[in-house]
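Visitor: pasting a predicted model and its sequence here:
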Amino acid sequence: MLNELLFKFATWLDGFQSSTDLHEALYAYGWVEGTHVLTLTLFLGMLLVIDLRLLGVAFKELPASTLIERLDKPMMIGFIVMLISGALLFYAIPVRSTQSIWFRIKVVFIIFAGINALLIRNMTRSSDMSWDNDPVPPKRIRVGAALSLGLWVLVVASGRNMAYDWWDCHKEMPHFMYWAAGCVNELAAFE
Amino acid sequence: MDIVFIFEWLDASWLSDLARTSAGLFSMVQAVHILSMIMLCGMLILGDLRMLNVVLTGVPSDIIIANTKKWIYIALAGIILSGIYEASAIAMKLATNSFFWAKMAGLSMGIVFMLSVRSAIYSRAPEVIGSNGPQSDAVGAWVVKLVALANLFIWFSVAANGRWIGFS
Amino acid sequence: MTANTLGKVAAVCSIVIIIGWGIYWGVQVQDTMCLLEASTSVDFPECMENL
């Protein structure tokens, strides 16, 4: 059901001339993808700094709250540019992206990373931040930071793998993989 | 000096065979390359934005720069090792790829600039930027900012040319 | 080296780097615009000859 809806949405987007134009204008597409990858360095770079501090392995001389509060703005700027360029990349190749198992895995990891970020935020807000100046924060904070780093590593790796066609719909795969990738037409052929 | 022989050697090496035959491993190394780039550029951006007084203004710059160093070296090692592995798969193609050479020029320029000029200037940042207490041999604030901009520009060029190799 | 000399050397290096890469990226943007023009117009654009 969800697979059909997503496929319909992707096909609808694919019908726009500007979607095809963006995909076929090789250099323009390259600039958008370049922006997407390069803004990673701003967003994930700042996140890395914060997470390394929360893990207690770097910037130990500085209060954790200083880094969290003051790196939030550049990090969010990076995130927004990444989101916009990512949406444009999706718009340029909607059907293949929708039916990419790697893209789906990436989205799931991004959701997990988002939930984890909210949990860390709640944990830091609800605590009295008595550990703010401690070189090594409490264990639950460190676990959260490690999870954050791990999840974003998986997001980047699955994003990179989207370029490969190992599990594209036109390949021969088990039924489960067709379902997971949302290969609507191939699934219909099974029935 | 003709250095094509390096590419020919790399192209014929066992590393090249491995890179071409194991797609799964290759994609993992590509991820390591990107993640190392994120670590390197993230740490450099933090230091440079700090020196431009854009982020963490008022926080002693010595602490920030000193903390980024270790991660910059780890990231550089990751970038270079994974980069050699990636390059071995398409060595002969890279030998004539202008974006690859622009990237290599930027990479060497970036490493030399970072270790010499950037490092020397940042340790002599005036109080108004560095907030490290009074400095007797401080350089002008505008020099520090110019160096920060130049460094950001070099590393942006390295990363952007790297991305561009894939399109050419 | 005095701070003054070091500052001057650093400033010259930085300016050369910024101008150098500035020219490089200027050419890349020009090429992109040219290819965009080529993909949208029926005629063969003049800029393609220099690409």
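Guide: Alright, I've got the coordinates.
Visitor: is stretch C:13-30 anywhere near chain B?
Guide: Yes: residues of stretch C:13-30 contacting chain B under Cβ under 8 Å from any Cβ of the partner chain: C:Cys13, C:Ser14, C:Ile15, C:Ile17, C:Ile18, C:Trp21, C:Gly22, C:Tyr24, C:Trp25. Any C-beta I mention is one placed from the backbone N, CA and C, and that applies to glycine too.
Visitor: and these, which of them are buried?
Guide: Those of the residues of stretch C:13-30 next to chain B that meet the buried threshold are C:Cys13, C:Ser14, C:Ile17, C:Ile18, C:Trp21, by 16 or more other Cβ atoms under 10 Å in any protein chain shown.
Visitor: all helices for chain A, in order.
Guide: Assigned by DSSP state H, chain A shows helices spanning A:2-14, A:17-24, A:26-55, A:64-70, A:72-92, A:94-98, A:101-126, A:139-161, A:175-181, A:184-190.
Visitor: before we move on, the earlier item: pick the one among the residues of stretch C:13-30 next to chain B closest to chain A.
Guide: The shortest approach to chain A among these belongs to C:Trp25, at 11.3 Å (Cβ to the nearest Cβ).
Visitor: can I assume that closest one is in contact with B:Trp164?
Guide: No: counting by Cβ atoms under 8 Å, C:Trp25 sits too far from B:Trp164 to count as a contact (10.9 Å).
Visitor: up against chain C, what does chain A have?
Guide: A:Asp21, A:Glu24, A:Ala25, A:Leu26, A:Tyr27, A:Ala28, A:Gly30, A:Trp31.
Visitor: can I assume A:Ala117 is in contact with A:Ser148?
Guide: Yes: here A:Ala117 reaches A:Ser148: they are 6.5 Å apart, a contact under Cβ under 8 Å.
Visitor: low-scoring stretches of chain C, by residue?
Guide: C:51 (pLDDT under 70).
Visitor: actually, chain B.
Guide: B:1, B:168.
Visitor: report the closest residue of it relative to chain A.
Guide: Chain A sits closest to B:Gly42 of chain B, with a gap of 2.0 Å, by Cβ to the nearest Cβ.
Visitor: among the helices of chain A, which is nearest B:Val59?
Guide: Closest of those to B:Val59 is helix A:64-70, at 6.5 Å (criterion: Cβ to Cβ).
Visitor: the closest one vs chain B: in contact?
Guide: Yes: Helix A:64-70 reaches chain B (Cβ under 8 Å from any Cβ) through A:Thr66, A:Leu67, A:Arg70.
Visitor: highest neighbour count among those residues?
Guide: Going through the residues of helix A:64-70 next to chain B with other Cβ atoms under 10 Å in any protein chain shown as the criterion, the one with the most neighbours is A:Leu67, at 24 neighbours.
Visitor: check contacts around it.
Guide: By Cβ atoms under 8 Å, 6 or more residues apart in numbering or on different chains, the contact set of A:Leu67 is A:Val49, A:Ile50, A:Arg53, A:Phe59, B:Leu56.
Visitor: centroid residue for chain A?
Guide: A:Ile110 (4.3 Å; Cα atoms, centre = their mean).
Visitor: what is the neighbour count of the residue nearest to that one when sequence neighbours are not counted?
Guide: Leaving aside its sequence neighbours, A:Ile110 sits nearest to A:Val155 (Cβ to Cβ, 6 or more residues apart in numbering or on different chains; 5.6 Å). A:Val155 has 20 neighbours, counted by other Cβ under 10 Å.
Visitor: do I have it right that A:Val155 meets A:Phe112?
Guide: No: judged on Cβ under 8 Å, A:Val155 makes no contact with A:Phe112 at a distance of 9.0 Å.
Visitor: in chain A, which residue sits nearest chain B?
Guide: Among all residues of chain A, A:Gly45 sits closest to chain B, at 2.0 Å; criterion: Cβ to the nearest Cβ.
Visitor: contacting residues around that residue?
Guide: A:Gly78, B:Ile38, B:Met39, B:Cys41, B:Gly42, B:Met43, B:Ile45, B:Leu46.
Visitor: let's see that with 7 Å instead.
Guide: B:Ile38, B:Cys41, B:Gly42, B:Ile45, B:Leu46 (Cβ atoms under 7 Å, 6 or more residues apart in numbering or on different chains).
Visitor: dump the residue contacts of the third one.
Guide: In this structure, B:Gly42 makes contact with A:Thr41, A:Leu44, A:Gly45, A:Met46, A:Leu48, A:Val49, judged by Cβ under 7 Å, 6+ apart.
Visitor: distance of it relative to B:Trp155?
Guide: Separation of B:Gly42 from B:Trp155 (Cβ to Cβ, to the nearest Å) stands at 11 Å.
Visitor: the first one too?
Guide: As for B:Ile38, its distance to B:Trp155 is 12 Å (criterion: Cβ to Cβ).
Visitor: helix or strand for the most centrally placed residue in chain C, which one?
Guide: Central residue of chain C (Cα atoms, centre = their mean): C:Ile23, 2.4 Å from the mean position. Assigned by DSSP states H and E, C:Ile23 falls within helix C:3-40.
Visitor: that helix near chain A anywhere?
Guide: Yes: contact of helix C:3-40 with chain A (Cβ under 7 Å from any Cβ of the partner chain) involves C:Thr32, C:Leu35, C:Leu36, C:Ser39.
Visitor: neighbours around residue 33, how many?
Guide: Picked chain A for this. As a burial measure, A:Glu33 scores 20 neighbours (other Cβ under 10 Å).
Visitor: please refer instead to chain C.
Guide: The number of residues packed near C:Met33 is 14, by other Cβ under 10 Å.
Visitor: quick one: the residue lying closest to it once chain neighbours are set aside from chain A, how far?
Guide: Excluding the flanking residues, the one nearest C:Met33 by Cβ to Cβ, 6+ apart is C:Cys47, at 7.9 Å. Distance, C:Cys47 to chain A, by Cβ to the nearest Cβ, to the nearest Å: 13 Å.
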